[in-house]
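Asks: next input, structure requested:
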Amino acid sequence: MTLQKTNNIVIFITITIILDSAGFGIIFPVLPELLEKVLQADLSTAAKYGGLLTLAYAFMQFIFAPILGIISDRYGRRRVLLLSLLGFSIDCFIMAIAHTYWLLFISRLLAGITGATFAVASAAITDITEEGNRTKYFGYLNAAFNIGFIIGPLVGGLLGEYQMTYPFYFASVLGLLNVIYGYFFFPETNHTLSSQRLTLTDFSPLQSLKSIKRFKTVAILLVVFFLLSASSHSMESTWSFYTMLEFNWSKQQVGISLTIIGIIGFLVQAYLLQFLSNKLSDQRLIYIGLLTSLSGLMLLSYCTSTIQLWIGMTLYLLGSIQQTAFQSMLSKSLDQQHQGELQGVLGSLNGVTTIIAPPVFTYGFYLFTQGDNLPYLPGVSFALSAILIIISLYLLIKYKKQ
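Replies: Prediction:
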């Protein structure tokens, strides 16, 4: 494959990941007002129904991430990614014209299905890269995800000030433009296509999770991935509640802090990881990243000043290099014909943690800030996250000995 073709593929995949994460974040600033209008209810009621939309999105991600991965193994990455992008564009259009809650619900279901493209995009990266530079390219994917996380809420907030539907129309048009770009410049990357027909069993997410047993050589690594994925939800689930309660931050301060967090995350993935991946093995990157994240979470659990807060968060974000290195190490542990399936399993596991972890962390925050029988500990979610990382370190050491 020529360098120009490789560059075109990386550009297309990067834009796709940015659109996926931006499409998720673009609704944050305008969703409360949209739900109030559609439901003709107060903000409290809108928040309750907004939670159901999030659950629907996460559940579809859990169902379809492994399915898209398997389909891309059998029939190619190109078809799956282009059709998913088209679905993303349709989803945004439905959100723009939705006048009932059920239309919004259907839209979130579709978003969960078409948004489960990270697995296929990751598989495409494994198709075109050598093992030696794969960590670097996975870093680009995660950097793209952070860019989308920065752009999405920003675009949603700015365009939503003029008209509530503008952010959705904007995202829909961008999705269509990327479909056109991909149609002409994104070739098929999977050259080990199978003629074997898919069965109903292949479409079961539970069947995909059973691959943890079938992939016996990486079973412990998949369990570790599950724990680390669950751990990562502590920040996004309770950051705003934590900072508002403990440091009396305003909504504007919380919004600015999220932008800063997104920027730091991008810099870590786009520059720090690229530098370290040329000097250290994936395994060393994982251990360094986990220990750094653990230090940050312990600070966040018990911090008493804004300086401690930002030192803890910075350490936590610097430790995110482990996520990319871990994904790279997993991809190198299986042959090319199972890359889509593997990435699908990872997407499915991530979907499970997206359903389970946020309610656990937010409810823990609620319990430990009531001041009844339990001690006052608003940083309890970060403490729980630190425990999950300690367990992960133990399992990795056990895996290395085996």
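
Asks: isn't Phe149 right up against Ile260?
Replies: No: here Phe149 lies out of contact with Ile260, judged by C-beta atoms under 8 Å, at a distance of 11.9 Å. Every C-beta, even on glycine, is put in place using the N, C-alpha and C of the backbone.

Asks: who has more neighbours, these two?
Replies: Phe149 (23 against 15; other C-beta atoms under 10 Å).

Asks: what sits against the more buried one?
Replies: Residues near Phe149 by C-beta atoms under 8 Å, 6 or more residues apart in numbering: 21-22, 25, 262, 265.

Asks: with Tyr57 instead?
Replies: So Tyr57 contacts 24, 108-109, 111-112, 115 (C-beta under 8 Å, 6+ apart).

Asks: of the residues you listed, select the buried ones using a ChimeraX command.
Replies: To isolate the buried subset of the contacts of Tyr57 in ChimeraX, counting by 16 or more other C-beta atoms under 10 Å, use the following:
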select :24,108,109,111,112,115
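
Asks: and the contacts of Tyr57, which of them are in strands?
Replies: Of the contacts of Tyr57, none are assigned to strands by DSSP state E.

Asks: for the contacts of Tyr57, give me a markdown table that also has distance to Tyr366 and pLDDT.
Replies: A markdown table is the format used below for the contacts of Tyr57 (distance: C-beta to C-beta, whole Å; pLDDT from 0 to 100):
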| residue | distance to Tyr366 | pLDDT |
| --- | --- | --- |
| Phe24 | 25 | 68 |
| Arg108 | 25 | 85 |
| Leu109 | 28 | 88 |
| Ala111 | 28 | 83 |
| Gly112 | 26 | 81 |
| Gly115 | 29 | 71 |
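
Asks: between which two of the contacts of Tyr57 is the distance greatest?
Replies: Phe24 and Leu109 (14.0 Å; C-beta to C-beta).

Asks: so for the longest helix anywhere in the chain, mean pLDDT?
Replies: Ranked by residue count and defined by DSSP state H, the top helix of the chain is helix 43-75. For helix 43-75, mean pLDDT is 74.

Asks: buried ones in that helix?
Replies: For helix 43-75, by 16+ other C-beta under 10 Å, it's 46, 50, 53-75.

Asks: just the closest of the contacts of Tyr57 to Phe93, please.
Replies: Using C-beta to C-beta, those come closest to Phe93 at Ala111, 11.6 Å.

Asks: what about Ala144, neighbour count?
Replies: The burial count for Ala144: 26, using other C-beta under 10 Å.

Asks: isn't it up against Ile18?
Replies: Yes: counting by C-beta under 8 Å, Ala144 touches Ile18, with 5.0 Å between them.

Asks: where do the strands sit along the chain?
Replies: Under DSSP E, the chain gives no strands.

Asks: show me how it divides into domains.
Replies: According to automatic domain parsing, the chain comprises the domains 1-185, 205-402.

Asks: reformat those as TSV; add distance to His191.
Replies: Compiled in TSV, the domains of the chain are given as follows (distance: least, C-beta to C-beta, whole Å):
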stretch	distance to His191
domain 1-185	7
domain 205-402	9
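
Asks: mind checking those for the one nearest to Thr192?
Replies: Using C-beta to C-beta, the nearest of the domains of the chain to Thr192 is domain 205-402, at 5.0 Å.

Asks: sorry, back to before: so which of the contacts of Tyr57 sit within helices?
Replies: Per DSSP H, the contacts of Tyr57 map to helices at 24, 108-109, 111-112.

Asks: closest one to Gln308 out of the residues you listed, please.
Replies: Phe24 (30.2 Å).

Asks: find the nearest non-adjacent residue to Thr117, please.
Replies: Nearest residue to Thr117, sequence neighbours excluded (C-beta to C-beta, 6 or more residues apart in numbering): Ser84, at 4.6 Å.
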